[in-house]
Structures are given as structure tokens and as C-alpha cells.
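S.K.: I would like the atomic coordinates for the input below:
(chains A and B)
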Protein chains: 2
Amino acid sequence: MEILSSIIEPNDSKILLVVIDGLGGLPKNGRTELETARTPNLDRLAKESSLGLVIPISPGVTPGSAPAHLALFGYDPIQTQIGRGLLEALGVGLDVTPKDLCVRANFATIDENGYVLDRRAGRITTEENKRLCAKLAKTIKYIEDVEVIIRPGKEHRCAIMFRGEGLVAELNDTDPQHEGKKPLEVNALTARSAKSAKIVNAFLRWAKNILADEPKANFILLRGFAQYPQIEPMGERFKIRPACIATYPMYKGIAKLVGMAVLPTGDTWDDEIKTLAQYQADYDFFYLHFKEVDKMGEDGNFEGKVKLLEDFDKELPKILELNFSVLCITSDHSTPALLKSHSWHPNPLLLFSRTCRASKIKEFNERTCAYGGLGILKATEVMPLLLASALKLKKFGP
Amino acid sequence: MEILSSIIEPNDSKILLVVIDGLGGLPKNGRTELETARTPNLDRLAKESSLGLVIPISPGVTPGSAPAHLALFGYDPIQTQIGRGLLEALGVGLDVTPKDLCVRANFATIDENGYVLDRRAGRITTEENKRLCAKLAKTIKYIEDVEVIIRPGKEHRCAIMFRGEGLVAELNDTDPQHEGKKPLEVNALTARSAKSAKIVNAFLRWAKNILADEPKANFILLRGFAQYPQIEPMGERFKIRPACIATYPMYKGIAKLVGMAVLPTGDTWDDEIKTLAQYQADYDFFYLHFKEVDKMGEDGNFEGKVKLLEDFDKELPKILELNFSVLCITSDHSTPALLKSHSWHPNPLLLFSRTCRASKIKEFNERTCAYGGLGILKATEVMPLLLASALKLKKFGP
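M.R.: Numbering: from 1, shown residues only, chains lettered A, B, ... in the order given. From the prediction side, this is the model:
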């Protein structure tokens, strides 16, 4: 990676990185979700593409979405670690600055003695969430000299940002992680974070009073206090104009963090592909994120994941019509329905461009990609390959 | 590796790492030892397992047993180097402390002029070795303030440990490596090791006198002066309860060094597997070592190695009956009969668990493992994979 910056040579070629979130799986009756799905378009494309497997971080390590995406975007996910609260804040569209303290919040249900009955308040709707955030924001605007900004996410999640001088993220989570336990107080983990702890605890007391009459969402649990890290924007790092098309806040947040333009789009895959076509002329690197496959994996819904992969395959011709110079289809991490969670297993990767070696392999899945010509890559190696395939990298050395 | 400690999440799943020492080979008449052997049980298991190849250290580097095992156990074999003398001492059951200076000794035959006739004293029996060690130990107890501890190993090998203040391992070997040469004096390679050199030379003169009337073993050659390194025990590092089942001292020694419990067992593979069954409930990581395959390779006995691999295959069902959550079969290094020595060639690896992607590959050998879904791994990457497969690793990052 250290030599990369010295060999970047920008040109007008356009790169499309399609991330099918949670793509990789594990077999049920001998076949993974992707092996089970009928994907004639992907299979046809695989034959003309270079194939490989992508290890998100390193063998055995299951990544969260943030490090998995950072690695795909060409950043060392160990060196550059970002907090959950920051991601959530960016994802809901907050304009985070270095003096902000961000945290991710769940609306939750507690009983009359303060014990957590439901950490997700019955997974309230996003509409309900908006109402609750507005109710809190109407009253809580400042605590001492610190501005409090509350923004709804999806379902039961929201982002809270404390803006003021001397705020530090060295604070513990209040989420007890299990129902039947009491939420924790916020403690300053270092002397530097004493002010932050005081402000946040005051916020929690105030929020509890305001939410006291709510039947479900009568409390807030906080997780992942975080501040803004130093990240060199992709545009500078790779001399590209990068853009993100995603529907979920967290992925937009990660994209913003690395300096991508986050394009307005709708809620469906069709919307996202239309957005891609619409903005194709304006950028030369697109990150196109399809979230729903991952959710099916998380839910343990093998057949649902198969169905969505088949749906993706049907959308693929619309993407191919756009004739990107370089098209890469891969994922941030596997989400096998069998495990109902992210996993460490490597992901299939397909790289299609004028400069690729066609695999002649007639199927796109975990098994066939294992013997594709790209081998088993680390996710951080994908970005250099995409840049090279678009002829955006010069020769190294004389 | 640096993030591994932060994501360990212990559970009760049991991992079995089977090391068939010297497994990998080179072809004779177009087929390696493993390809030649009829191994129906391994082949059947391979189909349901993930396969890969393991590079012991890095491409082209042939490892000794110590670094090869350390790497498999998840330790950087470059950072953590351990001396042969230390291994031998641990292997024979000596309780090594930081103030001990260990060395591996061979009984040898020298002629009346002091030239080495046989570096292994005609490979005397272990019984004979015991008698000789007792004879030495009866007289040599202290040299100045340094205690001398002599313990027989197998055949012509023994361990000698010097215990005292100010001992340092910066000393040369005395073994001239070739018959017809004279043994070397011990020299202090640094000023710090002057005392050690003096003590060891005094020991050698004394031993020569005591052994003068022996027909074969009339001298001792020393190799691999070593002291105790700093190694974090596997139990702490990976939050597992690790145990070793091995028949040869050196492997028990390495296991002790990384903090494994060394279980008492017999001399045969059947004994080892019985020990495994007997202690299965008491530990959650087992290192099961099968030595003899390596010896056949070292002897250049291709057919003998084939035969032992077939024998191993017959034992495999007994191992499978024990239903480990994660079963890994691989090796520390290749020992091709063609080379009569360890080699750098990667080793087949088979990983069987509920969380693995079945390879559907119907044979287990060097060639088929090259296109298994695990790819070509470094030995240090095996341990994280085993822990992940046993669901003993949490997600990294948000």
C-alpha cells in the first residue's frame, strides 16, 4: 500500500464496485445460498471475468461492517478504526466535526424498577422513532454549554451527537447487552472524559423523564461513544471522484467518512441502479451497496437469501448496460444463514474489465471463486486491483 | 494477529489439531506419498471439509520442528525463536527456569586421537543411554557453583542443563557435524558468556574421563545452547485449555513451552487416540502428534511413508467418533522421501466443522488441497481459523 500513492495516474475510466452485503454463505444440503440460487447472468459474466475470494481482514476474523468496508475501500482496517456512534451519526446525515461526541442509541423498554425488558423497544417503526426523536429534541437542546443533536435512524436506532468544547469519547456503553439487567451509568474512563460523562448522564436523566409516558420506548441505551478519526479522503488518496449509492445510514456514513459523495437515491435496488445511471458522468468511482441479502443471512433465512440473490441476478443486465470500464462484484463479509451473523469466510469476487483474464469458469460462487485466477485476496488488495484494471496505476520502478 | 486477543470469546467447543509430522511429499512415478496411499477415510472426510495448503514459515523456507510447531500454535516463528537445547530439556521433563542453560547432547564415538568416528555412537539404545546418563550424573553434580543436570532422551540423545547464576547461551556447538573431524572446544561468543564456556568445557573434560572405558559412547557432542524465552501461554493468549498428546520428547517440549498440559500416553497411535478419548472432557484444545510418518520421510523410505499414511487412515474413524467441534488435520512441514529431510513445500490442510464450507473435493492430497476453499495459508493463520470455526472469536469492529 505504501507505494500506491506514488503510482496513481488518474484517467477518465469509470469503476463500479458492487457490494452485495453478506454475500458469502455456508452450505445447506451441500450448497451455499449462492450455489443454490439460479443466477444465469452472474454465471455468464463470471466466465468472462477474473474470479477470486476475498478475506475481509485476515483468516478467521469476522469483521463488523465498518472495518470490512474500510478494507474494501483500500484502508488498513486495523490502523483506521472508527466507532459505532460516529458511523451512526454520519449515516443519519449529521455533519460531524472534530469537536463532536457521537453515540448510537437504541430506544428500549424498561420496567418500573429500571430493568431492561426489551433492548429494542419491540423494534418500533422508523416513523415512531422519528416522533420520539422530535419529542426529545423539542426539549433537550443544550446541557450546560453542550449542544445536543438527536437524529432518528431506522427502526429503534437513533444517533445522538454532543457538540461542545472538551468532549472526549472515553466513556463506557450503557447498554447492558442483555434483557433483565439495569442500564449502566456512564463513567469517565479517563480524567479527560469527566465533563463528557457528566453531560451524558444529565441527558439520560432528562430523556427518561420525557419518555416516561411512552408505552414501549421509555428509555434510551447508548453504545459506542466515538469521535472523528483522521482519514485521508479517497479522492486524494486514489485521485478519483468517488460516489456512494446506498440505502442504509451506516453505509452512507462509512462512505462519507472516506470522502465519497453520497448520492440521493430511493429505497429499492431499482432506484439505486437508476441513480447510478443518472450520475454516471459525474464521478469515476461508484460504490453501489445492496443491503438486503445480509439481512436475510442475519435472520437465518436461507431461502430468502437465495431469492434475493436471484433478484440481484435479474437486476444485473441493467448494470451491465452502463458499460463501466471496470465492474467488480463482491461483498464486505459473509453472512451465512446457518450462523445468522457475519462470518470470517471469504467472499466471492468477480472482476470484469477489458484488462481482465477471463476465468472460463461457468459459475459464480464460493467454490468456483476459490480457484479463480485472482486467488485468495485480502480486501485491502481489491482497490489497487480495480485501479490497475482501469489503467489508473503507473509502472512502479524503472 | 494483534487484534486477535481483543476478539477471543471462550466457549466449550472442542478443537482437535492433528499433526501428521512430515505429511507433505514429492512425487515418485508422478504421485506423492499421500497421493499413492489408499486413504478412503481421509478422502471421504475431505469432501465434507474445507481444504487448503499451509506454508510453514514463508515460501521456500524449510522449518525445523520448533518454528513449524510454534507457527501452527499461533506464534510468530521469527519473533519467538527457541533453541534446540531448551526443547530437548523440556522434552525429557526437566523443569527449566530462566537461570538454566540447556543443551542437547549426543553420545558419540571418538578414536584414540580424538576424531569423531560416529556422531551417534552407533545409535545406542535408549536403555544404554539411561545407563550412561546415570553414570555421568553419579559423579558430576556441580561444577563450581553450577548444578549439572543430565537426563536421557531417546536413543543416543540426552539433555544437559546447567543451573546457576550468570549463565548465558552465547556459545558455539561442539558437534563438528561430520565424522572424521575433531569435536570443537566451547567458546564464549560474547564477553557475557565467558563463565558459561568455562563451566561447559570443564564438564566435557570430566565427561570424557568418565566415559573413557565405554566401547561406543566414549564422548559427548553438544548442540544448541539455549535459554528460556518469553512466551505467552496458549491458555492466556487464546483463552483455551490446551493439551498435548505426543510420544516424542521434542514435541512434548514445544507443547510445554507454549503452556499445554502434556498428557501421559503410550507409544502407539492407538495409545494416543485412547488418551485423547480419555481426556476429551478436560481440555478444549488438543494437539495430537503423529511422529512416525516424518521418520520414514527422513529415511527416504517412500513406501514406508505410504504405508504409515494408510495406517493413519485406518485410525481416522476412531478420531471421528469423538465428534470434535473442529477437526483439523495437517502437518508442521513436509518431509519428502525424495529429499530425506524436512522441506519448504506447503502441507495439505483439512478443516472439518459445522461452520466449514465443504470442498466437494474427493481426495485429500497436495494437489487437491491447492484449490480448496481455504487457499494457501501461512501456518500462523491456522490457529485463528480453528478458533473462528469453533465460534471462539467475536466480531471485530462495528
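S.K.: switch to C-alpha atoms for all contacts and neighbour counts from now on
M.R.: Fine.
S.K.: point out where the stretch 1-150 of chain A drops to low pLDDT.
M.R.: Applying pLDDT under 70 to the stretch 1-150 of chain A flags the ranges A:1.
S.K.: okay, strands next: where are they in it?
M.R.: A:15-20, A:50-55, A:100-110, A:116-118, A:142-143, A:146-152 (DSSP state E, counting those that start in this stretch).
S.K.: helix or strand right after the last one?
M.R.: Same thing as strand A:146-152. Using DSSP states H and E, the helix or strand that follows strand A:146-152 in sequence is strand A:157-163.
S.K.: that following strand pairs with which strands?
M.R.: strand A:100-110 (antiparallel), strand A:146-152 (antiparallel) (DSSP bridges).
S.K.: what residues of the last one count as buried?
M.R.: Spelled out, that is strand A:146-152. If you call a residue buried by 16 or more other Cα atoms under 10 Å in any protein chain shown, then strand A:146-152 has these buried ones: A:Val146, A:Val148, A:Ile149, A:Ile150, A:Arg151, A:Pro152.
S.K.: spell out which parts of chain A neighbour chain B.
M.R.: Applying Cα under 8 Å from any Cα of the partner chain, we find that chain A lies next to chain B at A:26-27, A:30, A:58-67, A:78, A:81-84, A:339, A:342-344, A:366-367, A:370-371, A:375-376.
S.K.: just the buried members of those residues?
M.R.: Judged by 16+ other Cα under 10 Å, buried ones among the residues of chain A next to chain B: A:26-27, A:58-67, A:81-84, A:339, A:342-344, A:366-367, A:370-371, A:375-376.
S.K.: among the residues of chain A next to chain B, which are in helices?
M.R.: Among the residues of chain A next to chain B, the residues falling in helices (DSSP state H) are A:Ser65, A:Ala66, A:Pro67, A:Arg84, A:Glu366, A:Arg367.
S.K.: list the contacts for A:Arg192?
M.R.: The neighbours of A:Arg192, taking Cα atoms under 8 Å, 6 or more residues apart in numbering or on different chains as the test, are A:Val168, A:Glu170.
S.K.: tell me where the stretch 201-350 of chain A has helices.
M.R.: Counting by DSSP state H, counting those that start in this stretch, the stretch 201-350 of chain A has helices at residues A:234-238, A:249-257, A:269-279, A:292-298, A:302-320.
S.K.: which of those has the lowest mean pLDDT?
M.R.: Ranked by mean pLDDT, the helices of the stretch 201-350 of chain A end with helix A:249-257 at the bottom, a mean of 87.
S.K.: spatially central, which residue of chain A would that be?
M.R.: The centre of chain A sits closest to A:Tyr251, judged by Cα atoms, centre = their mean, with a distance of 3.6 Å.
S.K.: can you give me the neighbour number for the closest residue in space to that one that isn't next to it in sequence?
M.R.: Among residues not flanking A:Tyr251 along the chain, A:Gly91 sits closest, at 6.7 Å (Cα to Cα, 6 or more residues apart in numbering or on different chains). Using other Cα atoms under 10 Å in any protein chain shown, A:Gly91 is surrounded by 25 other residues.
S.K.: likewise for A:Gly25?
M.R.: Residues near A:Gly25, counting by other Cα under 10 Å: 32.
S.K.: okay, domains of chain A per the record?
M.R.: According to automatic domain parsing, chain A is divided into the following domains: A:4-80+A:232-389, A:86-226.
S.K.: CSV please, covering the buried residues of strand A:146-152 and showing distance to B:Lys141.
M.R.: Supplementary listing: the buried residues of strand A:146-152 in CSV, determined by distance: Cα to Cα, whole Å:
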residue, distance to B:Lys141
A:Val146, 75
A:Val148, 77
A:Ile149, 77
A:Ile150, 77
A:Arg151, 78
A:Pro152, 78
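S.K.: and the residue of the stretch 151-300 of chain A found nearest chain B, what is it in contact with?
M.R.: Proximity of the stretch 151-300 of chain A to chain B (Cα to the nearest Cα) peaks at A:Gly224, 8.5 Å away. Going by Cα under 8 Å, 6+ apart, A:Gly224 touches A:Gly83, A:Arg84, A:Gly85, A:Val103, A:Arg104, A:Asn172, A:Asp173.
S.K.: hmm, back to that, can I get the strands paired with strand A:157-163 in a markdown table including distance to B:Thr36?
M.R.: As requested, the strands paired with strand A:157-163 are arranged in a markdown table below (distance: least, Cα to Cα, whole Å):
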| stretch | distance to B:Thr36 |
| --- | --- |
| strand A:100-110 | 59 |
| strand A:146-152 | 65 |
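S.K.: tell me which of those strands sits nearest to B:Met260.
M.R.: Closest to B:Met260 of the strands paired with strand A:157-163, according to Cα to Cα: strand A:100-110, at 41.9 Å.
S.K.: how far does the closest one sit from the chain's center?
M.R.: Remark: strand A:100-110 is offset 18 Å from the chain centroid, using Cα atoms, centre = their mean, to the nearest Å.
S.K.: among the strands of the stretch 1-150 of chain A, which is nearest B:Tyr142?
M.R.: When the strands of the stretch 1-150 of chain A are compared by Cα to Cα, strand A:50-55 sits nearest B:Tyr142, at 56.7 Å.
S.K.: buried deepest among the strands of the stretch 1-150 of chain A, which one?
M.R.: strand A:50-55 (a mean of 30; mean count of other Cα atoms under 10 Å in any protein chain shown).
S.K.: so which elements touch that strand?
M.R.: strand A:347-353, helix A:366-369, strand A:375-378 (3 or more Cα pairs under 8 Å, 6 or more residues apart in numbering or on different chains; DSSP states H and E).
S.K.: let me have those in JSON lines, adding mean pLDDT and distance to A:Arg119 as columns.
M.R.: Putting the helices and strands packed on strand A:50-55 into JSON lines (pLDDT from 0 to 100; distance: least, Cα to Cα, whole Å) gives the following:
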{"stretch": "strand A:347-353", "mean pLDDT": "98", "distance to A:Arg119": "32"}
{"stretch": "helix A:366-369", "mean pLDDT": "96", "distance to A:Arg119": "35"}
{"stretch": "strand A:375-378", "mean pLDDT": "96", "distance to A:Arg119": "35"}
